[in-house]
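A.B. asks: return a 3D structure for these sequence lines:
(chains A and B)
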Amino acid sequence: MLRFAPSPTGDMHIGNLRVALFNHIMSKKRNEPLLVRIEDTDKERNIEGKENEILELLSLFGIEHQEHQLQSNNLKFHRAMALQLLHDKKAFNCFCSAQTLDAKRDAAKEAKIAYRYDGTCSNLHAEEVIDNMAPFTIRLKKPIHSITVHDIIKGESSFAPDDIDSFILMRTDKYPTYNFACAVDDMLSDVSLIIRGEDHFSNTPKQIAIHQALGYDKKIEYAHLPIILNNEGKKMSKRDDASSVKWLLEEGYLPEAICNYMILIGNKTPHEIFTVANAITWFDLATISKSPAHFDIDKLKFINREHLKMMDPKELSRYVGFADEEIGRLAKVFLDEAGTLKELRAKISTIFSPKEVPEEYREGFDVLRELTLKAPHYDDYESYKAYLMQHSGLKGKNLFKPLRILIGGSEHGPELSDLYTHLKNYLKEVVK
RNA sequence: GGCUCCAUCAUCUAACGGUUAGGAUUCCAGGUUUUCAUCCUGGUCACAGGGGUUCAAAUCCCCUUGGAGUCACCA
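C.D. replies: Numbers count the residues shown, from 1 in each chain, chains lettered A, B, ... in the order given. Next comes the predicted model:
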């Protein structure tokens, strides 16, 4: 079982999408089911509707899952496991208040030393516990030995007990912390491979410590994906437009192209342009680079253009608001100067919109327009051109410039013959 | 600051001890084009620094420097 575990607290981030995509690919490669677990334990931060948004995006990107869970539904298991750990003396009740803890943390920071839980409540007598009516958290006793994480991408890393520390499992409100809920759920779902972002790397020894304390010794494989950096070399955040999957989609990047780029970046692939289905055949987690990768929108655009070129004309025409493959072909002609659906839509739209004509071409434009309105249907551009030349007396620049504006909407653009070929059935509409 | 990880062109990467350090994107120039772009051709640009090991180091080891992630009763 593999799992993708997003929290419904914000817009889908490009890094999340990448994690989901890699899980999907590995699930296919290993022929193991994929679980989508919505991590909704933070009731304050949950946003209504985000869960469905995530699910819709996954399906838009062709990421299939076989199982679905709401983490909050597993609360009874979290509580039972916490009780078990308490009973086994692997965990203890901690009565330290948040204020006390904060003060100690600040003091440590002031003294420039690493903050560690000082063990105040780790060896309380039973009477001290039962007599204490203050709210409490439950903490895991820090492990005795170091914990080594074996990561498919990063290799082996070892963490000392002090760095793992006696961390909190259950909050005063009786709800589990992220690490605890996650560790318990992964165990209960019999997860075999965890693929997630590198920002979870330092949580891994903690989750392993929980598994060890619970006596769970099934081997789980880990793969932590390097962070995606923005232009400044910092982790991509909400501030970066391109970090939002929704934004990329609105800008006119194709899901196929985004997937292609997500697999390409920070990786060695046999080809540069490919589909997810194709990637499943050669994809290998072990080839992924250990260092963070910079997001390069130019490269994405290049890839997007390549996917647009490969797209079925009929499908492309739907994307730009038509249902005629001839318009799809027309759009492909504009691919030379446009790289996204948004740009393509703008190009097509100017063709069908009222034209802005510079004064110097106004006269020629009007003449050509009138002639086109009265013209019989010509199947090829050469005949149409000959007709215009004969009846207008225009030639050279004085013919081509206004003509280009008339049927292309712009002084610059693709070959007029290409334009005409795909537009001839729409000519009267275009010039009206 | 502690912990963990990383280090080849501006960016993504190739090289797995012996190459004029290769490719792609970007950028620039020329050609093509009635036009801009595409396209074609060409060009600029990299082994972070210093020590070792070795006949031989981008590649192995160490140090320095630089970068990233993370250090919550968030996930």
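
A.B. asks: list the contacts for the residue nearest to residue A:204 when sequence neighbours are not counted?
C.D. replies: Nearest residue to residue A:204 in three dimensions, chain neighbours excluded: residue A:149, at 4.9 Å (CB to CB, 6 or more residues apart in numbering). The way it works is simple: take the backbone N, C-alpha and C, and place the C-beta from them, glycine included. Listed by CB atoms under 8 Å, 6 or more residues apart in numbering, the contact set of residue A:149 reads A:156, A:157, A:158, A:159, A:201, A:204, A:205, A:208, A:222.

A.B. asks: residue A:149: which element?
C.D. replies: strand A:147-151 (DSSP states H and E).

A.B. asks: okay, residue A:102: pLDDT?
C.D. replies: At residue A:102, the pLDDT value in this model is 90.

A.B. asks: start and end of stretch A:85-104, how far apart?
C.D. replies: Its first and final residues considered, stretch A:85-104 spans 26 Å by CA to CA, to the nearest Å.

A.B. asks: and for stretch A:183-200?
C.D. replies: 12 Å.

A.B. asks: gap between that stretch and the chain center?
C.D. replies: Put simply, stretch A:183-200 sits 19 Å off its chain's centre (CA atoms, centre = their mean, to the nearest Å).

A.B. asks: tell me if it is near RNA strand B.
C.D. replies: Yes: contact between stretch A:183-200 and RNA strand B, assessed by CB under 7 Å from any atom of the strand, occurs at A:198, A:199, A:200.

A.B. asks: secondary structure element holding the residue of the stretch 301-432 of chain A found nearest RNA strand B?
C.D. replies: Residue of the stretch 301-432 of chain A nearest RNA strand B, by CB to the nearest atom of the strand: residue A:400 (3.0 Å). Under the criterion of DSSP H and E, residue A:400 resides in helix A:397-408.

A.B. asks: toward the C-terminus, what is the element adjacent to that helix?
C.D. replies: helix A:416-423.

A.B. asks: elements contacting that next one?
C.D. replies: helix A:325-334, helix A:381-392, helix A:397-408 (3 or more CB pairs under 8 Å, 6 or more residues apart in numbering; DSSP states H and E).

A.B. asks: in the second one, what counts as buried?
C.D. replies: Along helix A:381-392, these residues count as buried under the neighbour rule (16 or more other CB atoms under 10 Å): A:381, A:384, A:385, A:387, A:388, A:392.

A.B. asks: separation between the residue lying closest to residue A:267 once chain neighbours are set aside and RNA strand B?
C.D. replies: Leaving aside its sequence neighbours, residue A:267 sits nearest to residue A:288 (CB to CB, 6+ apart; 5.2 Å). Distance of residue A:288 to RNA strand B, given as CB to the nearest atom of the strand, to the nearest Å: 8 Å.

A.B. asks: same check on residue A:195?
C.D. replies: If you go by CB to the nearest atom of the strand, the gap between residue A:195 and RNA strand B works out to 15 Å.

A.B. asks: what residues does the stretch 201-350 of chain A put near RNA strand B?
C.D. replies: A:201-203, A:227, A:229, A:233-235, A:264-268, A:272, A:287, A:289-294, A:296, A:298-299, A:302, A:336-337.

A.B. asks: picking that back up, give the buried subset of the residues of stretch A:183-200 next to RNA strand B as a PyMOL selection command.
C.D. replies: In PyMOL, a selection of the buried entries from these looks like this (16+ other CB under 10 Å):
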select buried, chain A and resi 198+200
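
A.B. asks: from the residues of stretch A:183-200 next to RNA strand B, which is closest to RNA strand B?
C.D. replies: residue A:199 (3.7 Å).

A.B. asks: for the closest residue to the closest one other than its chain neighbours, give me the pLDDT.
C.D. replies: Of all residues not flanking residue A:199 in the chain, residue A:227 sits nearest, at 6.8 Å (CB to CB, 6+ apart). pLDDT for residue A:227: 91.

A.B. asks: check contacts around residue A:227.
C.D. replies: With CB under 8 Å, 6+ apart, residue A:227 has these contacts: A:15, A:197, A:198, A:199, A:235, A:236, A:292, A:293.

A.B. asks: now, the residues you listed that are in strands?
C.D. replies: A:197, A:293 (DSSP state E).

A.B. asks: from the contacts of residue A:227, pick the one nearest residue A:367.
C.D. replies: Nearest to residue A:367 among these, counting by CB to CB, is residue A:236 at 53.8 Å.

A.B. asks: ok, the closest residue in space to the closest one that isn't next to it in sequence to residue A:230 distance?
C.D. replies: Excluding the flanking residues, the one nearest residue A:236 by CB to CB, 6+ apart is residue A:243, at 4.0 Å. Distance, residue A:243 to residue A:230, by CB to CB, to the nearest Å: 7 Å.

A.B. asks: I figured residue A:425 hits residue A:327, correct?
C.D. replies: No: taking contacts as CB atoms under 8 Å, residue A:425 lies outside contact range of residue A:327: 9.8 Å.

A.B. asks: who's more crowded, those two?
C.D. replies: Set side by side, residue A:425 and residue A:327 show more neighbours around residue A:327, with 24 against 12, by other CB atoms under 10 Å.

A.B. asks: which residues does that one contact?
C.D. replies: With CB under 8 Å, 6+ apart, residue A:327 has these contacts: A:317, A:320, A:348, A:422.

A.B. asks: before we move on, the earlier item: mind checking the backbone torsions on the residue nearest to residue A:236?
C.D. replies: phi -80, psi -20 (degrees, to the nearest 10).

A.B. asks: for it, give its distance to RNA strand B.
C.D. replies: In terms of CB to the nearest atom of the strand, residue A:243 sits 12 Å off from RNA strand B.

A.B. asks: hang on, the earlier thing: in a markdown table, list the buried residues of helix A:381-392 along with pLDDT and distance to RNA strand B.
C.D. replies: Listed next are these as a markdown table, based on pLDDT from 0 to 100; distance: CB to the nearest atom of the strand, whole Å:
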| residue | pLDDT | distance to RNA strand B |
| --- | --- | --- |
| A:381 | 85 | 10 |
| A:384 | 86 | 12 |
| A:385 | 84 | 9 |
| A:387 | 85 | 16 |
| A:388 | 82 | 12 |
| A:392 | 79 | 15 |
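
A.B. asks: now do the strands in chain A.
C.D. replies: Going by DSSP E, chain A shows strands at A:2-4, A:34-38, A:67-70, A:91-94, A:137-140, A:147-151, A:155-159, A:168-170, A:193-197, A:221-225, A:228-229, A:293-294.
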